[in-house]
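**Student:** The sequence and its predicted three-dimensional model are supplied below.
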Amino acid sequence: MSEIKSKNFIAPAHIGIIMSGNKHWALERNLPILEGYIYGFKKMKYAPEWFFSRGVKVVSFFAFSIENWQRSQEEINCLMKLLKQTLTDDLISEARQKNYKILISGRIDELPGDLPQSCYDIMEKTSTNQAGIVNICLNYGGRAEIVDVIRKLIKNKVELEQIHEGLVKKYLYQGDLPDLDIIIKTSGEQQLSGFMLWQSYDSELIFLKKYWPEFEEIDVDFILKEYRNRQTI
């Protein structure tokens, strides 16, 4: 820890996490698939504190992609139920206790049932919290976000000569957030899965072989040490 917090080291402001491997983690242990997601969501609850305590300001999680709708209906139903429970109970309580702001990024209004309202409620109830920002990408796709930016520009009748990178950033789902310094993907897969394509323009990439439910606090120190080493090359 002291090595990570050396006065010459500037912690990354924004870290993105692609939480991959929940399903395989459960199958390898002969557990129901839902158990993998339950463990995964528990880690999503603990991980922000591990990063914030080391100087990181924003952690973005890829929780559910637009492509995930292609999974089995049973799996989708389980995930939606788990998301509903997490957004209404666990995260609000955790965020209030630890003073975290919660943001939800994605096509929120297309979520089923009262999940959209749950998303807006948790953002409103944590909007003044200042100890760190947890950005949950839900019903999200990197290309979809850029398409939605274009739609907003057209809807607002923005003139061609007015369009520049700063304006595009303003129209992203969370335009006030800094670009990603690091993207982490677990499970050993080495692909970005369409995660925050605009914001990952200059991101460092770290691929961990372990599944997301296996992610521990010691992995945070490894990630920040690796980031520091890359910055000094």
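**Tutor:** Ah, there it is.
**Student:** On the three-state scheme, the residue nearest in space to the middle of the chain is what?
**Tutor:** Using CA atoms, centre = their mean, the residue of the chain that lies closest to the mean C-alpha position is F61, 1.5 Å off. Following DSSP: H, G, I helix; E, B strand; the rest coil, we place F61 in the strand state.
**Student:** pLDDT weak spots in the protein?
**Tutor:** By pLDDT under 70, the weakly predicted segments of the chain are 1-8, 89-90, 233.
**Student:** So the residue sitting furthest away from the middle of the chain: helix, strand or coil?
**Tutor:** Here the chain reaches farthest from its C-alpha mean at E161, the gap being 32.9 Å by CA atoms, centre = their mean. When classified by three-state DSSP, E161 comes out as helix.
**Student:** separation between I182 and T128?
**Tutor:** With distances taken as CB to CB, to the nearest Å, I182 is found 27 Å from T128. Every residue, glycine included, has its C-beta placed from N, CA and C.
**Student:** Compare the two (neighbour count), which wins?
**Tutor:** For I182 versus T128, neighbours defined as other CB atoms under 10 Å are more numerous around I182 (21 against 8).
**Student:** any idea how far stretch 13-26 is from the chain center?
**Tutor:** Averaging C-alpha coordinates over stretch 13-26 and over its chain gives two centres that are 9 Å apart (CA atoms, centre = their mean, to the nearest Å).
**Student:** let's number from 11 now, not from 1
**Tutor:** Got it, the first residue is 11 from now on, which makes the last one we talked about stretch 23-36.
**Student:** before we move on, back to that, touching, the residue nearest to the centre of the chain and M29? I think so.
**Tutor:** Yes: using CB atoms under 8 Å, F71 makes contact with M29 at a distance of 6.1 Å.
**Student:** Common neighbours of the two, please.
**Tutor:** Overlap between the contact sets of F71 and M29, as judged by CB atoms under 8 Å, 6 or more residues apart in numbering, is given by M54.
**Student:** tell me the contacts of the closest residue to A141 other than its chain neighbours?
**Tutor:** With CB to CB, 6 or more residues apart in numbering as the criterion, A141 has its nearest non-adjacent residue at 3.8 Å, and that residue is N109. Contact analysis of N109 by CB under 8 Å, 6+ apart lists N139, Q140, A141, G142.
**Student:** Can you give me the buried ones in the longest helix seen in the chain?
**Tutor:** With DSSP state H applied, the helix covering the greatest number of residues in the chain is identified as helix 43-62. Along helix 43-62, the positions that meet the burial threshold by neighbour count (16 or more other CB atoms under 10 Å) are 43-51, 53-54, 57-62.
**Student:** count of residues packed around the nearest residue to L44 once chain neighbours are set aside?
**Tutor:** Setting aside the residues directly before and after it, L44 is nearest to C88 in space (CB to CB, 6+ apart), at 4.7 Å. C88 is surrounded by 17 other residues when neighbours are defined as other CB under 10 Å.
**Student:** so who does C88 touch?
**Tutor:** For C88, counting by CB under 8 Å, 6+ apart, the contacting residues are I43, L44, Y47.
**Student:** any idea how far F62 is from it?
**Tutor:** Noted for C88: a distance of 29 Å to F62, by CB to CB.
**Student:** repeat for F51
**Tutor:** From F51 over to F62 (counting by CB to CB), the distance is 18 Å.
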